[in-house]
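> Generate a structure from the sequence data that follows.
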Amino acid sequence: MRLHSNFSLRKNWSSLLWIFCLFLFPALSFAQTYKISGTVSDANTKENLIGVPIIIENRNGSGVSTDENGNYTLTLPQGEYTLKVDYIGFEKRRIKVSLTQNITQNIELKQATIGLGEVVISAERADANVTAPQTGIEKMEIQQINRLPVLLGERDIIKTIQLMPGVQGAGEGSSGFYVRGGSADQNLILLDNVGLYNASHMMGFFSTFNSEVLRDVTLYKGAMPAQYGERLASILDVQQRNGDNQRYHVNGGIGLISSNINVEGPIQKGKSSFLVGGRRTYADAIARLSGVEDAKNAYLYFYDLNMKVNFAFSDKDQLSISGFMGKDKMVLKDAAEADWGNKFLTASWNHTFNSKWTSRTSLSYNQYDYHMGMEIGMNMEGKSNIKDYSFKEDLLFQQSKNSQWRFGLSSTYHNLAPGNYNLDSEQKNSVDLHNRYSSENAAYISNQIKITDNLEVIYGLRASAFMALGKGEYYTLDGNREVTDSIWHKSGKVVKTYVNLEPRLSAAYKLNKVSSVKAAYARTVQNMHLLSYSAQGTPFDRWTMSSNNVKPQIADQVSLGYFRNFNDNMFEFSIEGYYKKMKNQLDFKDGADIEGYDVIETEILSGKGRAYGIELSLKKRLGRFTGWIGYTLSKSERKIDGINENRWYNAFQDRTHDLSIVGMYELNKKWSLSAAWVFYTGNAISYPSGKYQINGRDVMYYAERNGYRMPNYHRLDLGATCQLKKTPKFQSELVFGLYNAYGRENAYMIEFRTNTKDSGKTTAYQYSLFTFVPSISWNFKF
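Predicted structure coming up:
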């Protein structure tokens, strides 16, 4: 009985204590929180929008941005709220909600009237320069890309990113680029999450991207998020549009050397859509029709095709299938021919489990190949290709309004055929280089968390595992890189495994409402390596992969920057410094020969590298006049035993100074003007220090690797756009351009020859590509 009374007393005391707490802290009974979730989409095309900021009024600017699927989730206490949606290129919206339970609030945004009706895609808030924790990131607006002056009327996103601080073009007539002292192959270029091994047309004069079918362009040049890897220097993430699932549209353009046309519309209205785009050059055909004698037996053109279909099975499930095929063709009848190109097909399934969990599952096939042949005296033919088969799974967990988790894994099977060469002569010679196979796998986890109102951090870890596989012959080398033995491995046999952990950290601390300090650290690893003799690169450069003799490249980068906005976010200023330490950097030994040679490891050496610099940027984002000034002061060096007497030497992409000044001005409703001026220090290059004779032939002697400089480069480009006609159903414009407006003869190549008048002297000959290059094109949309 006593025990029963004690139990009852404890129970009553517990009840009394609970009641007392309710009276003492009445908020405890009412501090219930609820969720607002939904998608943000284009009211016209119904395409979900990425990175749209949704701000809660009167809560110190707190809010969220939509994820890569256009979804958002807010967790708030019960009450009345007003949501502000202000997204560049769309009309502003204010939405009042009464939160007494979990609700779904889908938001549609109407396009603002700008330019040719292009949607400006920008995954940034107006103050993202200050508040975003991700460092070293550049987001490019499609409308801005289309307004810049271009070469021969071809709009080009890669030429645009070369105008950003920390990014440098590989040279005149090249679509390659260098990021923070890295080489061109240390950039991973993604189109719909599929890597492109060659992102250029016409030997590098144009890129593979048709800007009319693109939705989003983002460059990561600093501490890239943990979901990205496989390259050391940067990630260029390019996404295609889904297409309009409500109405049919056609847009295109006709220029001096090329034309493009793009068609989109619903498959089943409101539920599925398609987008198809095509582009082709015809300068050679025009030259033949105009009677140019040298063009009668020559063909030089490229084409590319983009495709994407999207199916919305429900609010929770979407399937997208996209593809790309690009090809270049060069033919000189009865003499030589060559062709090269990329193609891929990928399928992605996006699934929303609930307001907190979403996933994306992707499968893809990717191929790059080239073929070349010559018919001069004898027939010679060569071909090479790379084939990738990939799987990727990404999960997104919105833990709270202040914490977002990402998890994922990926796996890629590489099949690399470095070359097959046939020589149709009396000896019937042929060389078949061994195929190389590998499996590249990774798993990652990252968390973006707002620790305080002033401090936000992204931290994560990526674990990568690369396995070199049979079948094939692998070689054992001695200390002099000479072959001492070889072993044949059967198909699927693991020859060598490399496992690396890649930590990532990026943080932003707000000093006040208009300024912040950001810091970052990242380790990156690369297992696919491009071997190129030239700084510009060619489609026929040779790819190789990590093996028992070639180790993965590894880089550790730290960065620190100050960011400041002015005049209500009209101006953005930043200064950011970085230091990058690299291991297992590859370079050719003196006198290397890689053409048609199977044991490529004997021709290359590896060592360490370092790159450091300061980047300054001043942008004007709003108003009739917009633009930016970007300046980079940098150094990039290598130290490899066996090269340059084992001393540090300039990497060929080393540039001391790089300056870009870009301006765009809306003169009136009909005319807009643009200009871009660039200056950079000439590329590091090896010049002959002397010469000697062997069997009566002059041979140049090179003493120092990359110890000299090409002449400094500078150029002014001008552009103008005239709006011709604009109705609700049809609009068109004329685009004028002048590339290299003051006719600077920039050095493309310098060749050294023995002087014909005095054999004891050597003469340098400079070759230039372009002086004045005018262009005009007509664009339309209906």
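
> so residue 146 is in which element?
According to DSSP states H and E, residue 146 maps onto helix 142-147.

> show me where the stretch 251-400 of the chain has strands.
All strands of the stretch 251-400 of the chain, identified by DSSP state E, counting those that start in this stretch, fall at 258-268, 272-281, 298-312, 317-332, 336-352, 357-376, 378-400.

> Tell me which of these sits nearest to residue 133.
Ranking the strands of the stretch 251-400 of the chain by proximity to residue 133 (C-beta to C-beta) places strand 378-400 first, at 16.0 Å. Bear in mind the C-beta positions are built from the backbone N, C-alpha and C, glycine included.

> Give the other helices and strands that the helix or strand that comes right after that closest one contacts.
Where DSSP H and E defines the elements, the next helix or strand beyond strand 378-400 is strand 403-424. Other elements packing on strand 403-424 under the criterion 3 or more C-beta pairs under 8 Å, 6 or more residues apart in numbering; DSSP states H and E are strand 378-400, strand 429-432, strand 436-450, strand 542-545.

> With distance to residue 657, mean neighbour count and mean pLDDT added, can I get the strands of the stretch 251-400 of the chain in a markdown table?
Compiled in a markdown table, the strands of the stretch 251-400 of the chain are given as follows (distance: least, C-beta to C-beta, whole Å; neighbours: other C-beta atoms under 10 Å; pLDDT from 0 to 100):
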| stretch | distance to residue 657 | mean neighbour count | mean pLDDT |
| --- | --- | --- | --- |
| strand 258-268 | 34 | 18 | 93 |
| strand 272-281 | 34 | 21 | 93 |
| strand 298-312 | 33 | 20 | 90 |
| strand 317-332 | 33 | 19 | 91 |
| strand 336-352 | 34 | 19 | 92 |
| strand 357-376 | 34 | 17 | 90 |
| strand 378-400 | 36 | 17 | 90 |
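
> so can I have CSV of those showing distance to residue 644?
Output for the strands of the stretch 251-400 of the chain, formatted as CSV (distance: least, C-beta to C-beta, whole Å):
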stretch, distance to residue 644
strand 258-268, 43
strand 272-281, 41
strand 298-312, 38
strand 317-332, 35
strand 336-352, 33
strand 357-376, 32
strand 378-400, 30
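
> Residue 485: which of these is closest?
Closest among these, using C-beta to C-beta: strand 378-400, at 26.7 Å.

> Using PDB, list the CA coordinates for stretch 197-204.
Extracted C-alpha coordinates of stretch 197-204, given in PDB (Å, rounded to 0.1, in the frame of the first residue of the first chain):
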ATOM      1  CA  TYR A 197      37.400  15.200 -73.300                       C
ATOM      2  CA  ASN A 198      37.600  17.800 -76.100                       C
ATOM      3  CA  ALA A 199      35.300  20.900 -75.800                       C
ATOM      4  CA  SER A 200      36.500  22.700 -78.900                       C
ATOM      5  CA  HIS A 201      35.700  22.900 -82.700                       C
ATOM      6  CA  MET A 202      38.000  23.900 -85.600                       C
ATOM      7  CA  MET A 203      41.300  23.200 -83.800                       C
ATOM      8  CA  GLY A 204      40.200  25.300 -80.800                       C
END
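
> And it, how far out from the chain middle?
14 Å (C-alpha atoms, centre = their mean, to the nearest Å).

> Residue 229: which of the helices and strands packed on strand 403-424 is closest?
Closest approach to residue 229 among these (C-beta to C-beta): strand 436-450, 5.7 Å.

> If you compare the directions of the following helix or strand past that closest one and strand 403-424, what angle comes out?
Next in sequence after strand 436-450, counting helices and strands by DSSP H and E, comes strand 455-469. Per axes from the mean of the first three to the mean of the last three C-alpha atoms, to 10 degrees, the angle that strand 455-469 makes with strand 403-424 is 30 degrees.

> Just checking: what are the partner strands of strand 455-469?
Applying DSSP bridges to the sheet, strand 455-469 is found paired with strand 436-450 (antiparallel), strand 494-512 (antiparallel).

> other SSEs contacting the helix or strand residue 752 falls within?
Using DSSP H and E, residue 752 sits in strand 749-754. In this structure, strand 749-754 packs against strand 762-767, with contacts taken as 3+ C-beta pairs under 8 Å, 6+ apart.

> and the strand it packs on, how far out from the chain's middle?
Centroid separation for strand 762-767 versus its chain: 36 Å, with C-alpha atoms, centre = their mean.

> Let's see that strand as PDB, backbone CA atoms only.
Listed next in PDB are the C-alpha coordinates belonging to strand 762-767 (Å, rounded to 0.1, in the frame of the first residue of the first chain):
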ATOM      1  CA  THR A 762      69.200  32.300 -86.800                       C
ATOM      2  CA  THR A 763      66.100  34.200 -87.700                       C
ATOM      3  CA  ALA A 764      62.900  34.200 -85.700                       C
ATOM      4  CA  TYR A 765      59.600  34.200 -87.700                       C
ATOM      5  CA  GLN A 766      56.300  35.200 -85.900                       C
ATOM      6  CA  TYR A 767      53.000  33.900 -87.200                       C
END
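
> right, and the helix or strand after it?
Next element after strand 762-767 (DSSP H and E): strand 773-781.

> same for that next one, what does it pack against?
Checking 3+ C-beta pairs under 8 Å, 6+ apart, strand 773-781 ends up next to strand 249-255, strand 731-739.

> Residue 579 reaches residue 560, doesn't it?
No. Checked against C-beta atoms under 8 Å, the pair residue 579 and residue 560 is beyond contact range at 9.3 Å.

> Secondary structure element holding the residue lying closest to residue 642 once chain neighbours are set aside?
Using C-beta to C-beta, 6 or more residues apart in numbering and skipping the chain neighbours, the partner closest in space to residue 642 is residue 605 (4.9 Å). Element membership for residue 605 (DSSP H and E) is strand 604-620.

> If you count neighbours, what's buried in that strand?
Using 16 or more other C-beta atoms under 10 Å as the burial criterion, the residues of strand 604-620 that qualify are 604-613, 615, 617-620.

> Relative to that strand, what are the paired strands and their orientations?
Paired neighbours of strand 604-620 in the sheet (DSSP bridges): strand 571-588 (antiparallel), strand 625-639 (antiparallel).

> Just the CA trace of that strand, in PDB.
Only the C-alpha atoms of strand 604-620 are listed here, as PDB (Å, rounded to 0.1, in the frame of the first residue of the first chain):
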ATOM      1  CA  ILE A 604      57.500  11.300 -69.300                       C
ATOM      2  CA  LEU A 605      58.800  12.400 -65.900                       C
ATOM      3  CA  SER A 606      57.000  13.500 -62.800                       C
ATOM      4  CA  GLY A 607      57.700  15.900 -60.000                       C
ATOM      5  CA  LYS A 608      56.100  18.700 -58.000                       C
ATOM      6  CA  GLY A 609      54.500  22.000 -58.800                       C
ATOM      7  CA  ARG A 610      53.300  25.100 -57.100                       C
ATOM      8  CA  ALA A 611      51.000  28.000 -58.100                       C
ATOM      9  CA  TYR A 612      50.100  31.100 -56.300                       C
ATOM     10  CA  GLY A 613      48.500  34.400 -57.000                       C
ATOM     11  CA  ILE A 614      46.100  37.300 -56.200                       C
ATOM     12  CA  GLU A 615      42.800  37.900 -58.000                       C
ATOM     13  CA  LEU A 616      41.000  41.300 -58.000                       C
ATOM     14  CA  SER A 617      37.500  41.800 -59.300                       C
ATOM     15  CA  LEU A 618      35.200  44.800 -59.600                       C
ATOM     16  CA  LYS A 619      31.700  44.200 -61.100                       C
ATOM     17  CA  LYS A 620      28.800  46.500 -61.900                       C
END
